[in-house]
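Peer 1: build me a model from this:
(2 chains)
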Amino acid sequence: MASSSTPPPPAEAIDARNWAELPRDVTAMILKKVGVMDLLQSAQKVCMAWRSVSKDPDMWRSIHMSGYVGEDMWDEMGYDVEKMATHAIDRSCGQLVEFSIKGFGSNELLDYIGERASQLRRLHIIYPWGISDDGLSETAKKLPLLEELHIFSGSLSKEALLNVGRCCPHLKSLKFNIRGSRAPYMEYDDEALAIAETMPGLHHLQLLGNNLTDDGLKAILDGCPNLESLDLRHCFNVNLGGSLGERCSEQIKYLRQPYDSTDDCEFDMTFYNGYDDDYSLDDDYPSGFSEIDLMSDVVDEYFEWSGGSDVFEPDSKPYFGDDDDYGDDDD
Amino acid sequence: MASSIENNNEKLTLKSSDGEEFLVEKHVALQSTLLQNMLDSDCSSADVIPLPKIDARTLALVLGYCKKHADASSSKQGELNSFDSEFLKDMDMGALFNLVLAANFMEIKGLLDIAAQKIADTIKDKPHQEVREIFHVENDYTPEEEAAVREENRWAFEGFP
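Peer 2: Numbers count the residues shown, from 1 in each chain, chains lettered A, B, ... in the order given. Okay, the predicted model is just below:
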């Protein structure tokens, strides 16, 4: 703190300050930063003024929720996060613009969004254990204004992409990421082809850990002429040497290559390359994730083998650094 | 804002609610949108600008923040970030209350943002009873509203204590 010659005010002056009487917009600003979970669980219960601010639909235009806190997944949560999410959606009164969930989610929840958030522009679903192609496809039909879809999952496929592409003509940013739950050498271009076929308006595309090949990449470059940023990290079937590499550098402004470092990924790529040090997935996950564990050795070998994978392209950082940097929600 | 750079040496006087006057370089004052708008309009920099809602202790803090941010070039973002976190680090809730009000009144977006974040961080992960104690807020919930919250709290396995 700056050293000031002015003595601190007496204690009673501090007590006299009434936080409940801050200007409403300042209180709203603070409570937005508190976040959905703490606002519903605690802050709204503090006093009537905070309760009143918390009921304003404007507080709920952007909802970010996590199904676990830190590393203690499903541990002593004391509440049903999915019910809490539906309540938060109710409070937005149809004004929801951004919805982001991590570590939970179901087709029912997506359906709830589809019915009540037709203005939605940005949807982020990270590790959504209970969401299927059908669920996302049905919801996409009800989100015609969607501009940004970020997925980090192993359970969604080309079916969802095809339907999203057909139903959401304004889609500008797609992240369709998986971690090593599939054999990395398996070649599979269906997802790339679905993107190329149905998403001509894409500006930003991230495909971490995809099994696409050079053919899939060519299709994307042909089908998405507006693409500015393309992130192909962990897409080990793509070979960016030769003419394809040249074409990429000509067409794409911000390119991340297969062996580039994932250290700056905004989501838990630690699952991918370092969770052995953090905790074992087997201990925390209820079921069905042992294949990831098996794959981790393969992925670790990739990292060792690729050695100098910390090739860094400062120019390409902005587009994959902060989710909030683009996609203005102005109408 | 080329003109503000040319007039770098110009100064103006701000007066706190408790009567203390602060001589401020113009480019520092321009961190405040309120002061910027006043200077852009007919307000002469020779005038003393009264800030009747802000006491001297708070104004000194605010101007410290403005000076640091006005003087630092944009290439020193890392340095500014560490200044910001140090700036609020040990601030008591009373000072923080005055600071967020001042930042709001003077329209200093960066300061308002970090002060609001600091306050939000204080609220996070605490039960509402504890938040009431820290912020000295009276529980003025009506029984009806309490019942409404209880009714909404279907996600919780425990109710509204």
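Peer 1: run through the chain and note the low-pLDDT ranges.
Peer 2: The chain I'm using is chain A. Confidence mapping of chain A against pLDDT under 70 gives the ranges A:1-16, A:68-78, A:179-185, A:266-331.
Peer 1: wait, chain B
Peer 2: Ranges of chain B meeting pLDDT under 70: B:1-9, B:42-46, B:74-75, B:155-161.
Peer 1: all the strands of it, residue numbers only.
Peer 2: Using DSSP state E, the strands of chain B run over B:11-15, B:21-25, B:48-50.
Peer 1: what's the answer for chain A, then?
Peer 2: Going by DSSP E, chain A shows strands at A:62-66, A:68-69, A:72-73, A:98-102, A:122-126, A:148-152, A:173-177, A:204-206, A:229-231, A:254-256.
Peer 1: quick one, helices of chain B?
Peer 2: Taking DSSP state H as the test, the helices found in chain B are B:2-6, B:26-29, B:33-40, B:56-71, B:77-88, B:93-106, B:109-123, B:128-135, B:143-152.
Peer 1: with distance to chain A added, can I get the strands of chain B in JSON lines?
Peer 2: Backbone N, C-alpha and C define where each C-beta goes, glycine included. Putting those into JSON lines (distance: least, CB to the nearest CB, whole Å) gives the following:
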{"stretch": "strand B:11-15", "distance to chain A": "15"}
{"stretch": "strand B:21-25", "distance to chain A": "12"}
{"stretch": "strand B:48-50", "distance to chain A": "18"}
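Peer 1: save these as a markdown table, and put in mean neighbour count and distance to residue A:241 too.
Peer 2: Converted to a markdown table, the strands of chain B look like this (neighbours: other CB atoms under 10 Å in any protein chain shown; distance: least, CB to CB, whole Å):
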| stretch | mean neighbour count | distance to residue A:241 |
| --- | --- | --- |
| strand B:11-15 | 18 | 62 |
| strand B:21-25 | 17 | 56 |
| strand B:48-50 | 14 | 64 |
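Peer 1: bridged to the nearest residue to residue A:66 once chain neighbours are set aside, which residues?
Peer 2: With sequence-adjacent residues excluded and distances taken as CB to CB, 6 or more residues apart in numbering or on different chains, residue A:66 is closest to residue A:102, at 4.5 Å. Taking DSSP bridges as the rule, residue A:102 bridges to residue A:66, residue A:126.
Peer 1: look up how far chain B lies from the closest residue to residue A:211 other than its chain neighbours.
Peer 2: With sequence-adjacent residues excluded and distances taken as CB to CB, 6+ apart, residue A:211 is closest to residue A:188, at 4.0 Å. In this view, residue A:188 and chain B are 39 Å apart by CB to the nearest CB, to the nearest Å.
Peer 1: next, count neighbours for residue A:188.
Peer 2: With neighbours defined by other CB atoms under 10 Å in any protein chain shown, the count for residue A:188 comes to 17.
Peer 1: stretch B:131-148: how far from the chain's middle?
Peer 2: Put simply, stretch B:131-148 sits 25 Å off its chain's centre (CA atoms, centre = their mean, to the nearest Å).
Peer 1: my error: substitute stretch B:53-63 in the last question.
Peer 2: Worked out by CA atoms, centre = their mean, stretch B:53-63 lies 10 Å from the chain centre.
Peer 1: so for that stretch, what gets flagged as buried?
Peer 2: The neighbour-count check on stretch B:53-63 (16 or more other CB atoms under 10 Å in any protein chain shown) flags B:54, B:55, B:56, B:57, B:58, B:59, B:60, B:61, B:62, B:63 as buried.
Peer 1: do that stretch and chain A meet at all?
Peer 2: Yes: using CB under 8 Å from any CB of the partner chain, stretch B:53-63 comes into contact with chain A via B:56, B:57, B:60, B:61.
Peer 1: which of the buried residues of stretch B:53-63 sit farthest apart?
Peer 2: For the buried residues of stretch B:53-63, the farthest-apart pair by CB to CB is B:55 and B:63; their separation is 12.7 Å.
Peer 1: overlap of the contact sets of the two?
Peer 2: Listed as contacting both residue B:55 and residue B:63 by CB atoms under 8 Å, 6 or more residues apart in numbering or on different chains is no residue at all.
Peer 1: rewinding a little: OK, contacts around the residue nearest to residue A:66?
Peer 2: Neighbours of residue A:102 in contact, by CB under 8 Å, 6+ apart: A:65, A:66, A:67, A:68, A:124, A:126, A:127.
Peer 1: just flag the most distant two among those.
Peer 2: Taking CB to CB as the measure, the contacts of residue A:102 span a maximum distance of 15.8 Å, between A:68 and A:124.
Peer 1: pick out the residue of the stretch 151-300 of chain A closest to chain B.
Peer 2: Nearest residue of the stretch 151-300 of chain A to chain B, counting by CB to the nearest CB: residue A:264, 15.6 Å away.
Peer 1: next one: that residue from residue A:256, what distance?
Peer 2: Applying CB to CB, to the nearest Å, the value for residue A:264 to residue A:256 is 10 Å.
Peer 1: what's the answer for residue B:86, then?
Peer 2: Remark: distance between residue B:86 and residue A:256 (CB to CB) = 34 Å.
Peer 1: these two: which is more packed in?
Peer 2: Neighbour count, other CB under 10 Å: between residue B:86 and residue A:256, residue A:256 has more, with 28 against 11.
Peer 1: in the sheet, who's paired with that one?
Peer 2: residue A:231.
Peer 1: is it true that it touches residue A:230?
Peer 2: Yes: counting by CB atoms under 8 Å, residue A:230 is a contact partner of residue A:256 at 7.3 Å.
Peer 1: what residues do these two have in common as contacts?
Peer 2: Counting by CB under 8 Å, 6+ apart, residue A:256 and residue A:230 have no common neighbour.
Peer 1: ok so, going back, can you say which of the helices of chain B is nearest to residue A:107?
Peer 2: Residue A:107 lies closest to helix B:143-152 among the helices of chain B, at 24.1 Å (CB to CB).
Peer 1: so what's the nearest residue to residue B:20 once chain neighbours are set aside up against?
Peer 2: Sequence neighbours aside, residue B:56 is the residue nearest to residue B:20 in space, at 3.8 Å (criterion: CB to CB, 6+ apart). Residues near residue B:56 by CB under 8 Å, 6+ apart: A:6, B:16, B:17, B:18, B:19, B:20, B:22.
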